[in-house]
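A.B. asks: have a look at this prediction, sequence included:
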Amino acid sequence: MAWDLPVLLAGAAARLESPAARRGFMAWLAGRGPLSPKTALAPW
């Protein structure tokens, strides 16, 4: 788990469809806003 989480988080933003989705996801991850129900990660 200690290795998996940093690797998974490092690639998460690239799997989102737009810059706005990336900003929203990062804000949610940092505890600065809600996660949009429209947020979807692309397949690996």
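C.D. replies: Here it is on my side, so go on. Numbers count the residues shown, from 1 in each chain.
A.B. asks: going forward, measure contacts and count neighbours with C-alpha atoms only.
C.D. replies: Noted.
A.B. asks: check which residues of the helix or strand encompassing Met26 are buried.
C.D. replies: Element membership of Met26, judged by DSSP states H and E, is helix 19-29. Neighbour-count burial for helix 19-29, with 16 or more other Cα atoms under 10 Å as criterion, is recorded at Ala21, Arg22, Gly24, Phe25, Met26.
A.B. asks: pretty sure the second one contacts Gly11?
C.D. replies: No. Arg22 sits out of contact with Gly11 when judged by Cα atoms under 8 Å, with a separation of 11.2 Å.
A.B. asks: picking that back up, now tabulate the buried residues of helix 19-29 in JSON lines and tack on pLDDT and distance to Gly33.
C.D. replies: Below are those laid out as JSON lines (pLDDT from 0 to 100; distance: Cα to Cα, whole Å):
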{"residue": "Ala21", "pLDDT": "93", "distance to Gly33": "12"}
{"residue": "Arg22", "pLDDT": "93", "distance to Gly33": "13"}
{"residue": "Gly24", "pLDDT": "94", "distance to Gly33": "7"}
{"residue": "Phe25", "pLDDT": "92", "distance to Gly33": "9"}
{"residue": "Met26", "pLDDT": "91", "distance to Gly33": "9"}
